[in-house]
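K.L.:
Return a 3D structure for these sequence lines:
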Amino acid sequence: MRTELFDFDLPAELIAQHPVAPRDAARLLVVGERACEDRLMRDLPAELEPGDLLVLNDTRVIPARLVGQRGEATVEVTLHQPVAAAADGAGAGPGNVRLACWQGFARPARRLRVGDRLQFGPELAAEVLAKGEGGEVTLAFALAEAALLERLEAVGQMPLPPYIKRPPGGDPRDRQDYQTMFAERAGAVAAPTAALHFTAPLMSALAERGVKHAFLTLHVGAGTFLPVKAPDTAEHRMHGERFELGPETVAAIERTRAAGRRVVAVGTTVLRTLESAAAAAGRLVPAAGETRLFITPGFRFRVVAC
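P.N.:
Below you'll find the model as predicted:
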């Protein structure tokens, strides 16, 4: 399908730079068979039936945007996923301690060379192990994985979409605003945005309605910020994202479907995880791995109802 068919005009002044408060006051578009209706997120319980199951993403966004120096030059890197250390021993620390290696998108990337040292503050440095296409780099940090995540909490910034503007240094409010209430498992570098609009009162109202919920994990990668440049959707290359679907959630989904109720994926991250797991095995089973699924018109859904 031609990607130009998805083009539309969005005036800059209509792009919210901060979320509405409370979160469940966000607008909700209800798409019916014959018409669409504007509602609010807090109206969601009325659109669902007792016994329906919401499936949510419990990933936690890490402050993965780093600003540092290569000599006198300023470099910005947005990490997007950890990778295994190089086979030649790069990424191995004293006493064979495995150091953290991550892929990320660097800006500007064209002047970076393999072997360059990047300094992100006095206690965080990395070496460029490899360069890829589209500004992608592989970095080896002088820290083990757990220590790196601690340092990111201290010096990193929340990675936001390019249409959300921030002053140098970011906005402290983003640490809270760009995290869902379900955030539990650290690893995403972008929020699963559909779940940002849930609140404790809304979850209580859903429970009173008899709507159940379950969790899975997909760590959203920085590839979600990249534009689709291919003229046809069939030519677009999706970046891989790590997911984990546990047996408890699979069992909840099977019970829901057996009872004739709906399985509702909260956002595309949940949808892609469920459909990727089902496609790999021919039926929904517990799974963990990486998905590059790109859902376009004509896709055959196996888990959720459309």
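K.L.:
Tell me the spacing between Ala258 and Gly51.
P.N.:
Using C-beta to C-beta, to the nearest Å, Ala258 is found at 11 Å from Gly51. Using the backbone N, CA and C atoms, a C-beta is placed for each residue, glycine as well.
K.L.:
what about those two, which has more around it?
P.N.:
Gly51 (15 against 8; other C-beta atoms under 10 Å).
K.L.:
ok, the more buried one - contacts?
P.N.:
Applying C-beta atoms under 8 Å, 6 or more residues apart in numbering, we find Gly51 in contact with 210-212, 256, 259, 261.
K.L.:
Identify the farthest-apart pair in those.
P.N.:
Pairwise distances across the contacts of Gly51 (C-beta to C-beta) peak at 13.0 Å, for the pair Val211 and Ala259.
K.L.:
who's more crowded, those two?
P.N.:
Using other C-beta under 10 Å as the criterion, Val211 and Ala259 rank with Val211 on top: 22 against 10.
K.L.:
What's the per-residue pLDDT of the closest residue to Phe182 other than its chain neighbours here?
P.N.:
The shortest distance from Phe182 to any non-neighbouring residue, by C-beta to C-beta, 6 or more residues apart in numbering, is to Asp58 (4.9 Å). As predicted, Asp58 sits at a pLDDT of 98.
K.L.:
Ok, Gly132 next?
P.N.:
Confidence score, pLDDT, at Gly132: 87.
K.L.:
And it, how close does it get to Ala25?
P.N.:
With distances taken as C-beta to C-beta, Gly132 is found 41 Å from Ala25.
K.L.:
try Leu112
P.N.:
44 Å.
K.L.:
Give me the buried positions along stretch 217-227.
P.N.:
217-226 (16 or more other C-beta atoms under 10 Å).
K.L.:
Leu160: which of these is nearest?
P.N.:
Phe225 (8.5 Å).
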